[in-house]
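# from the sequence below, what's the structure:
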Amino acid sequence: MSMITIISALKEEIRPILETLTVKQKLKAGSGTLYVTDEYHLLRTGVGLRHAEDVLNSYLSSYEPSEIINIGTAGSIKDDHRFGDIFYIGKIYYKTDGQFIVLPPEQNKTGTDPAVLLTVDQPVMNKSDRETLQRRFNAGLADMEAYALAKICFKNNIKFTCYKIVSDLADENTEDEFMANYKMLSKKLAEYILKILRI
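As a prediction, the model looks like this:
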């Protein structure tokens, strides 16, 4: 039987989905949390590459999902990627070594061009770093987990899909912008994902 697992770094990013479902079990998965429903598994990893790796590997030691969907917020490092925009991710770079993973374009259900995502080890919080990263990788968005999740899925032959919503402009105002808006943006993205899944 096929099973879809939705993964996010923060509980707030999957909370709007959890509120539409009946959670049958709440379990530990490494340092994260697994919420089991009849429709989906929802997995909270915590922030950062290492947390993402630990939690997903722990989860996969017990379950065999047919598809993993990573959702969450991302900082914009490209001027035409605006606050509140939702993107299907078509390519994911890892900042430290420049390695990248390309996701199949046929999985894109947004009706817009796929975005390039850069996974970083620390938040991008100033304009100088933002501009440097944009030039180096030609990426539009930055997050802290997606590359690790995609790499594990590819290694295990699991379909991987990724959607991100712009929460901040990756500059000196990042922290304030994120804290002020992430709950509202998480709700918007969750509603979008549920609509896609139920088409």
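# run a quick neighbour tally on residue 114.
Residue 114 has 19 neighbours, counted by other Cβ atoms under 10 Å. In short, each C-beta sits where N, CA and C put it, glycine included.
# mind listing what the closest residue to it other than its chain neighbours touches?
Among residues not flanking residue 114 along the chain, residue 90 sits closest, at 2.6 Å (Cβ to Cβ, 6 or more residues apart in numbering). Listed by Cβ atoms under 8 Å, 6 or more residues apart in numbering, the contact set of residue 90 reads 102, 103, 105, 108, 113, 114, 115, 116.
# what subset of the residues you listed is buried?
103, 108, 114, 115, 116 (16 or more other Cβ atoms under 10 Å).
# for the third one, give me phi and psi.
Here is the backbone geometry of residue 114 (degrees, to the nearest 10): phi -70, psi 150.
# surely it meets residue 92?
No: counting by Cβ atoms under 8 Å, residue 114 does not reach residue 92; the two are 10.6 Å apart.
# quick check: neighbours shared by these two?
In contact with both residue 114 and residue 92: residue 103, using Cβ under 8 Å, 6+ apart.
# okay if I get the contacts of residue 90 as JSON lines plus distance to residue 161?
Converted to JSON lines, these look like this (distance: Cβ to Cβ, whole Å):
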{"residue": "102", "distance to residue 161": "13"}
{"residue": "103", "distance to residue 161": "7"}
{"residue": "105", "distance to residue 161": "11"}
{"residue": "108", "distance to residue 161": "9"}
{"residue": "113", "distance to residue 161": "16"}
{"residue": "114", "distance to residue 161": "11"}
{"residue": "115", "distance to residue 161": "13"}
{"residue": "116", "distance to residue 161": "15"}
